Each structure stands twice: as structure tokens, then as C-alpha cells.
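K.L.:
Test case, fold it:
(2 chains)
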There are 2 protein chains.
Amino acid sequence: MEVFLSPMSNNVINPENPLNIGYIKKSMEELERLDAESMKTAEKHPVIIILDDVRSMHNVGSTFRTCDAFAVDALYLCGYTPTPPHRDIHKTALGATETVNWKHFATTIDAVNEAKTKGYKIYAVEQVHNSVALNQFKTSNELIALVFGNEVTGVNEEVLKLADGCIEIPQWGSKHSLNISVSVGIVLWEVVRK
Amino acid sequence: MEVFLSPMSNNVINPENPLNIGYIKKSMEELERLDAESMKTAEKHPVIIILDDVRSMHNVGSTFRTCDAFAVDALYLCGYTPTPPHRDIHKTALGATETVNWKHFATTIDAVNEAKTKGYKIYAVEQVHNSVALNQFKTSNELIALVFGNEVTGVNEEVLKLADGCIEIPQWGSKHSLNISVSVGIVLWEVVRK
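P.N.:
Numbering: from 1, shown residues only, chains lettered A, B, ... in the order given. Coordinates of the predicted model:
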């Protein structure tokens, strides 16, 4: 594609869009989001997100928001993972604590067992031997629970023992891992995009 | 799949993994991450991330970490988007400010124009009319620059005018949008997974 500089400014003009009309943002009405009441009864993706001893309020708040956006069945907050109401969770959740079906469990083992008895398969998102690369992860519309672990130590070993499988996000960089709330978004997107 | 309760604990035993052997986490060596020096010359994904007046240090730090993990060409921080070194960026970037090729621009227009002159196509991630749903977004190995906007106001209108296209992340919930750093992770994953 050729590009050329406009004499009137330092903007590069796109010949496919020479009038620079731009794009019109959708209003909240045009986005056709559900209201909080409709969310309760709306059909959900058959996915539970389980946070296993996640420390950061920001990660919890952001996970609430992602769970709202991708309409998951439930969010299980386990162990010392902070729970609403809390000002620092609200700062990132921005009201999603009211629209996401969430529950606290004393231990992640309890949460995993509840999910299992409800028929969910358990997948830990963790960098382990015998993991499945996220892009290779296949689901056949089954019920799935995704476990994300602590910021430093990851998913607890005792929880990994109960998993039906582990999912690993392929990475090409130098650091150990992605931020938890970013990982939640990426894995959930991969599951719901199909 | 049948599940049954162990008499010794309240754990549900997975018959496919009856010994509860669990999964062994990979060490940093086994993850085979690059060191900071190798990152500089390693092949990158042909993608530039552009942050347009993003306010939060957390979003910037987390974006650095994601850019490291997915090995992108560059991260352009524009306008009042905070830049390293800063303690609050470091808290989430965890060193990725040293391994990601980044640059500050006074305006996002300048950044977009630099990317265009280098041959990158510009895609704003924004909820607009005539957007492409992320799962429909096709690239043919071309160079692409992805623009993410301010936490409240989104991508600036003047920047949208320069875009070759807009990408929208489909959502099923009640809230307006996802967290910026989560959106960066999701869109970047969609681009690099192929």
C-alpha cells in the first residue's frame, strides 16, 4: 500500500480512506449490553474460573470484569484470594462484582471438588510437563473449570493432582509468565471464541 | 466421566489419574526462556503495540510483560501514557521494561505515522461501527500495529481517522469494555497464535 504525506500536516494519509472520515464509536445502547438483571438469567458459557490463592486485588477485580464480558457460569475465589466488597477490587471490577455469579471457598480443593461434582472438567493453567499448548486445547462444549494460581507460586501442587489436564500459554519472551488477569483473559477468549 | 469420593479425604479422585500423581512444574531452565541479551536480536512477531493516552501504571507495566512474552517488535507509549523508569510500572512489568523495545511519542499521531512509514498497517482496538470481530480478523503475515486507547475515552478520534481498520473484542456481558491490559493480551494472543 502506498502512503504519502499530507502537505497540510504531518499526518500520513491512507489512500483507502482519503477523507479521513474515521470510525464512529458505538454508544452504550448500540453495544447492546445486558443489564444487571438480565445477566442473572442470560445463557452463560459453561465455564467456571477458579482463583487459587491469588493475592492481588487488581487481579481479582480485573478477573471479575473479564468474567462479566465473557459471561461465564461462575467465579470461585479460594483460600486467601480477596473477595468483594473491597474498594481496591471495585476500582478494576467497576461493578462486575454485582453481575458475576461468585462464591468463596476456604480451600481450592473444596472449589475443585464442587466443580467436579457438578460435572465440570478441571484444567489448571500452569507451566508443567505434559501440558497442552493453549492453541492445541480442544473442548467439545463440555463443562470446564479453569484454575489460575498465585502470582508467585502458581497453582498449588495439591490442586494440580486433581486436574484433568493442564493448559500452557506458549511464550516467546524472557520472563517467567504473564500477569494472572491477562492469562485469565487470554485463556477465556480461546475457549469462548469457538 | 465417573467420579467418586475417596474415603481418606474429601478429594474427588479422577479415575484417569487415580494415583493423584499430579503435574510437575517446569523450572525456569525447562521453560527455555531467552535471556535479556538474546531477546535483543531474537526474531520477533511483526507487531507494534501503541498505547494512546493510557493513564494507569498497572496497565503499562502489564503491557510490557505481555509484549515480552509474545515477543513483539516494539511498544510505542504515546501522549501522557507513563514511561519507565517508574516504581509502579516496574511492579507489574517485573523487568520487561529492559527486554521490550519501547519508545515514547509526544502524540499518538506521530507514533502511527512512524509505524505507517515503516510499512505497518494500523488497527485500532475499539468498539466502532464497521469494526471487525476479533475472531474474524485475518492477517497474512503483514506488519501490523495495534492501537489501544485511554481507560475511559478509548482511542482518540483523530487516531481512528488514520486507522486501516478497527478490531472489536466480542462481549456477552453487561459492562462497557475489558481492562486495557487484558485487551492487549487477548488481541495479541489472537495475532500470534496463528
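K.L.:
Report the contact partners of A:T107.
P.N.:
Contact partners of A:T107, counting by CB atoms under 8 Å, 6 or more residues apart in numbering or on different chains, are A:78-79. C-beta coordinates here come from the backbone N, C-alpha and C atoms, glycine included.
K.L.:
Same check on A:E158?
P.N.:
A:109, B:22.
K.L.:
All the helices of chain A, in order from the start?
P.N.:
Applying DSSP state H to chain A gives helices spanning A:36-41, A:57-69, A:87-93, A:108-117, A:157-160, A:180-192.
K.L.:
Lowest average pLDDT across those?
P.N.:
Lowest mean pLDDT within the helices of chain A: helix A:36-41, a mean of 88.
K.L.:
That helix packs against which elements?
P.N.:
Packed against helix A:36-41 by the contact rule (3 or more CB pairs under 8 Å, 6 or more residues apart in numbering or on different chains; DSSP states H and E) you find no helix or strand.
K.L.:
and it, which residues are buried?
P.N.:
By neighbour count with 16 or more other CB atoms under 10 Å in any protein chain shown, helix A:36-41 contains the buried residues A:M39.
K.L.:
hmm, back to that, now the helices of chain A in a markdown table, please, with extra columns for distance to A:L143.
P.N.:
Listed next are those as a markdown table, based on distance: least, CB to CB, whole Å:
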| stretch | distance to A:L143 |
| --- | --- |
| helix A:36-41 | 19 |
| helix A:57-69 | 16 |
| helix A:87-93 | 25 |
| helix A:108-117 | 8 |
| helix A:157-160 | 18 |
| helix A:180-192 | 11 |
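K.L.:
Just name the most buried of those helices.
P.N.:
Most buried of the helices of chain A by mean neighbour count (mean count of other CB atoms under 10 Å in any protein chain shown) is helix A:57-69; its value is a mean of 27.
K.L.:
Report the angle between that one and helix B:180-192.
P.N.:
60 degrees (axes from the mean of the first three to the mean of the last three CA atoms, to 10 degrees).
K.L.:
residue contacts, the closest residue to A:L31 other than its chain neighbours?
P.N.:
Spatially, and ignoring its direct neighbours in sequence, A:L31 is nearest to B:Q127 (6.1 Å; CB to CB, 6 or more residues apart in numbering or on different chains). B:Q127 makes contact with A:25-26, A:31, B:154, B:168, B:177, according to CB under 8 Å, 6+ apart.
K.L.:
quick one: which of those residues sit in strands?
P.N.:
B:E168 (DSSP state E).
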